[in-house]
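K.L.:
My questions are about this predicted structure, shown below with the sequence.
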Protein chains: 2
Amino acid sequence: MEKKNIFYAQSGGVTSVINASACGVIETARAHRSRIGKVLAGQNGIIGALREELIDTSKETTKTIAALRHTPSGAFGSCRYKLKSLEENRAEYERLIAVFKAHNIGYFLYNGGGDSADTCLKVSRLSEKMGYPIQAIHIPKTVDNDLPITDNCPGFGSVAKYVAVSTKEASLDVASMCATSTKVFILEVMGRHAGWIAAAGGLAAQQVGDPPHIILFPEIAFDRQKFLKKVEQTVKKEGYCVIVASEGAQYADGTFIADAGTTDAFGHKQLGGVAPTLADLVKTELGYKYHWALADYLQRAARHIASATDVEQAYAVGKAAVEYALAGKNAVMVSIERKKTKKYGWKLGEAPLEKVANREKKMPRRFITRDGFGITQLARDYLAPLIAGEDYPPYEAGVPCYARLKNQLVPRKLKTGFEV
Amino acid sequence: MEKKNIFYAQSGGVTSVINASACGVIETARAHRSRIGKVLAGQNGIIGALREELIDTSKETTKTIAALRHTPSGAFGSCRYKLKSLEENRAEYERLIAVFKAHNIGYFLYNGGGDSADTCLKVSRLSEKMGYPIQAIHIPKTVDNDLPITDNCPGFGSVAKYVAVSTKEASLDVASMCATSTKVFILEVMGRHAGWIAAAGGLAAQQVGDPPHIILFPEIAFDRQKFLKKVEQTVKKEGYCVIVASEGAQYADGTFIADAGTTDAFGHKQLGGVAPTLADLVKTELGYKYHWALADYLQRAARHIASATDVEQAYAVGKAAVEYALAGKNAVMVSIERKKTKKYGWKLGEAPLEKVANREKKMPRRFITRDGFGITQLARDYLAPLIAGEDYPPYEAGVPCYARLKNQLVPRKLKTGFEV
């Protein structure tokens, strides 16, 4: 059998450990040189395949590839680009397959969230119909932790750790200042439709009464009066109130608390502004002095405080994707399965892509306290192992040493370009 | 000689290492039991002295006090409360001295910025006039790094490290996404009148062309057109643009780019909102998609990524304050002096408080590049050693273990209360 190349691409919002998955893919492929050719990476994700801009990862040294394990964000570039449906733009899929064929690509390893699982499935199906079957393996990645079937998603554990640590630290700050100054602190975190990231803020609390005092989840309809009452009660009792708010927190009718009004390429509304909106509400209605923070990209890029569990799993799913490909698997996602032991343990599994694509896993109601403002012990049991362990990057002169890649493209083989 | 007690208080905005100074004070005082009584800490800073709410630190275990070294924020509570001038409110100073006398306090160790240096000086002078002389030693602390004479201020190195690391990480994120999504990222950082913290963002760049591409300092008048031109040029050349903006960035006439409009107890305007204002400008004028982050308290509470140099210096100035007190010094600030060696080295010195109080040290113009958007090699040489080294706190279950104090008050001795 002729050795096929791997095409690997990063999709959607990046994470602090998606490169650890890339590291797992490339190191594992290199360990199977007799059966696998090169790993070609899409420059800026799937767009790189459409434009025939393929990065030759064989040009990178062993040391550089190893450094990907501790380098945040997408080393080959990612993109927010959702392929249209087959009916709407069959040409795009045909182009992908033409590029794959021209570069002797037999394996499509797509590292992303729900949208990329969908693309992966379509490529697998169409390539077979077109007579150039490609094994498509989906490598899960999303800080949102909202992919179905898998127990958790690589990328989430590290953002969860960042949010738990930051909430704990900022809470100590507010507690220090509240006698004469700030009484209410609001941290706005990511999580468009699912409250997993906000929930992680709850891990900052280790004893009853510890902050955060209020968590706002997209899953729980926002009730202005109930919220204000809880803030007031907390300030009266504790002297201050710490709030972790999901960017997706919304009213019962689905209106986001704050909506920036713009829309991204996937048709998702671009959010931001829950924290200042809540701060203004608190100031106007209760008169408390506030501070608020918007972590934005800092949270998902924070490799300096990555979860060791997350890094290990991110690497493992990348490694497994190559092994699954070699084992002949197709149209599957590598999944993480939690062992039914008392002490946390995990192993890898697989999930058919048709069961993964376009489904979102929200926080179960049993993970949220009855009043809707906190997490239950069940949630803590689920979340805590995912942020366990520290995996510090190396430092030089006070800042982390992150990998710098050459990102050299392979020569084009197709005569035609493709407009993206 | 009768053993006198120490009064120690934390003042103003807290930092991730102010408790390391407290640790230095308490451990050193405990090491001199034959000459020093107890360390009594002000509950919520100087307010604790006025209200006669004094924390008995002798109730805390050796282990708890040691843990202060790695615990961020103000363990005894801080406050934003500036004593009025002697003419305006002599009663406040007299009350302070009455409380000190009642509790056999001979040493006033005040841990804060410029405003607290001023208070320290006044207490020293007035106590002498009132016939109960108190040795007042100022322990420097401010993330703003704007105290005069001392080479740098404890608290700054760690926020500088946080900003450098976060800028580097977020820049990798934007670089990954810029092909199809975010082109401009803005990180808003603290620094009311001095650009030291924003300057530290420049340490994220290790090679020419590395982000951040633009730093906005309060010291350089903001020029809208020049800024927009630089953003556009950078996006065209690099594909994206990363901006670190000081909250104090302002127009030539002194108007802050964004002004929240409220004022704190020291009469300083409460800022916040530079990043969204700039983002809106970029979107409106250039049409680029943006993201922005507001680190707020996260930056100054981020003990998880503290600078080892900063922690060491914060501890040392606390320790020295006790030693200076024992040596009979009065009305001085412990200062940090940089050695004139090629390799960074430092030692402690002292500065008379009349030369410290109410002066702000801004960034020298030679630390800022000619175009006003970056830092020079001189600035890098000054800043880099201050963020050097990592000093990680211990972790348990994925989150840092920070000290929890009993904060038990000593019984009141005065018959009268005092309204603050």
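P.N.:
Structure's in. What do you need?

K.L.:
For the stretch 301-420 of chain A, which residues are neighbours of chain B?
P.N.:
The stretch 301-420 of chain A comes close to chain B at residues A:301-305, A:307, A:384, A:387-390, A:392, A:395, A:397-400, A:402, as judged by CB under 8 Å from any CB of the partner chain. All C-beta atoms are positioned from the backbone trio N, CA, C, and that covers glycine.

K.L.:
and the stretch 51-200 of chain A, which residues reach chain B?
P.N.:
Counting by CB under 8 Å from any CB, the stretch 51-200 of chain A comes close to chain B at A:71-75, A:77-81, A:161, A:164-166, A:168-170, A:172-177, A:179-181, A:185, A:187.

K.L.:
tell me what the helix or strand encompassing A:Val174 is packed against?
P.N.:
Per DSSP states H and E: A:Val174 is located in helix A:156-177. Contacts defined by 3 or more CB pairs under 8 Å, 6 or more residues apart in numbering or on different chains; DSSP states H and E place helix A:156-177 against strand A:184-189, helix A:196-201, strand A:241-246, strand A:290-294, helix A:297-301, helix A:308-326, helix B:297-301, strand B:399-400.

K.L.:
can you give me the angle that helix makes with strand A:241-246?
P.N.:
160 degrees (axes from the mean of the first three to the mean of the last three CA atoms, to 10 degrees).

K.L.:
Using PDB, write down the CA coordinates of helix A:156-177.
P.N.:
Only the C-alpha atoms of helix A:156-177 are listed here, as PDB (Å, rounded to 0.1, in the frame of the first residue of the first chain):
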ATOM      1  CA  PHE A 156     -12.000  23.300  28.300                       C
ATOM      2  CA  GLY A 157     -10.000  22.100  31.300                       C
ATOM      3  CA  SER A 158      -7.400  24.900  30.900                       C
ATOM      4  CA  VAL A 159      -9.900  27.700  30.400                       C
ATOM      5  CA  ALA A 160     -11.700  26.300  33.400                       C
ATOM      6  CA  LYS A 161      -8.600  26.400  35.500                       C
ATOM      7  CA  TYR A 162      -7.800  30.000  34.400                       C
ATOM      8  CA  VAL A 163     -11.300  31.000  35.400                       C
ATOM      9  CA  ALA A 164     -11.200  29.200  38.700                       C
ATOM     10  CA  VAL A 165      -7.800  30.700  39.600                       C
ATOM     11  CA  SER A 166      -8.700  34.200  38.400                       C
ATOM     12  CA  THR A 167     -12.000  34.200  40.300                       C
ATOM     13  CA  LYS A 168     -10.200  33.100  43.400                       C
ATOM     14  CA  GLU A 169      -7.500  35.800  43.100                       C
ATOM     15  CA  ALA A 170      -9.800  38.600  42.100                       C
ATOM     16  CA  SER A 171     -12.100  37.600  45.000                       C
ATOM     17  CA  LEU A 172      -9.300  38.100  47.500                       C
ATOM     18  CA  ASP A 173      -8.700  41.500  46.000                       C
ATOM     19  CA  VAL A 174     -12.300  42.600  46.400                       C
ATOM     20  CA  ALA A 175     -12.500  41.200  49.900                       C
ATOM     21  CA  SER A 176      -9.400  43.400  50.700                       C
ATOM     22  CA  MET A 177     -11.000  46.500  49.300                       C
END
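
K.L.:
what angle separates that helix from helix A:308-326?
P.N.:
Using the same axes, to 10 degrees: helix A:156-177 against helix A:308-326 is 170 degrees.

K.L.:
Averaged pLDDT, helix A:156-177. What do you get?
P.N.:
Confidence for helix A:156-177, expressed as mean pLDDT, is 98.

K.L.:
And that helix, what's buried?
P.N.:
Neighbour counts over helix A:156-177 (16 or more other CB atoms under 10 Å in any protein chain shown) mark A:156-177 as buried.

K.L.:
Could you do stretch A:226-238 as well?
P.N.:
Under 16+ other CB under 10 Å, the buried positions of stretch A:226-238 are A:Phe227, A:Leu228, A:Lys230, A:Val231, A:Glu232, A:Thr234, A:Val235, A:Glu238.

K.L.:
if we look at it, which residues are touching it?
P.N.:
A:183-184, A:209, A:211, A:213-214, A:216, A:240-241, A:243, A:278, A:281-282, A:285-286, A:288, A:371-373 (CB atoms under 8 Å, 6 or more residues apart in numbering or on different chains).

K.L.:
Off-centre distance for it?
P.N.:
33 Å (CA atoms, centre = their mean, to the nearest Å).

K.L.:
what's the answer for stretch A:65-81, then?
P.N.:
That offset, for stretch A:65-81, works out to 12 Å (CA atoms, centre = their mean).

K.L.:
same question for that stretch, mean pLDDT?
P.N.:
In this model, stretch A:65-81 has an average pLDDT of 97.

K.L.:
List the buried residues in it.
P.N.:
A:65, A:67-81.

K.L.:
For A:Glu354, state which of those is nearest.
P.N.:
A:Tyr81 (21.9 Å; CB to CB).

K.L.:
ok, the closest one touching A:Gly42?
P.N.:
No. The criterion here is CB atoms under 8 Å, and A:Tyr81 misses it with A:Gly42 at 10.4 Å.
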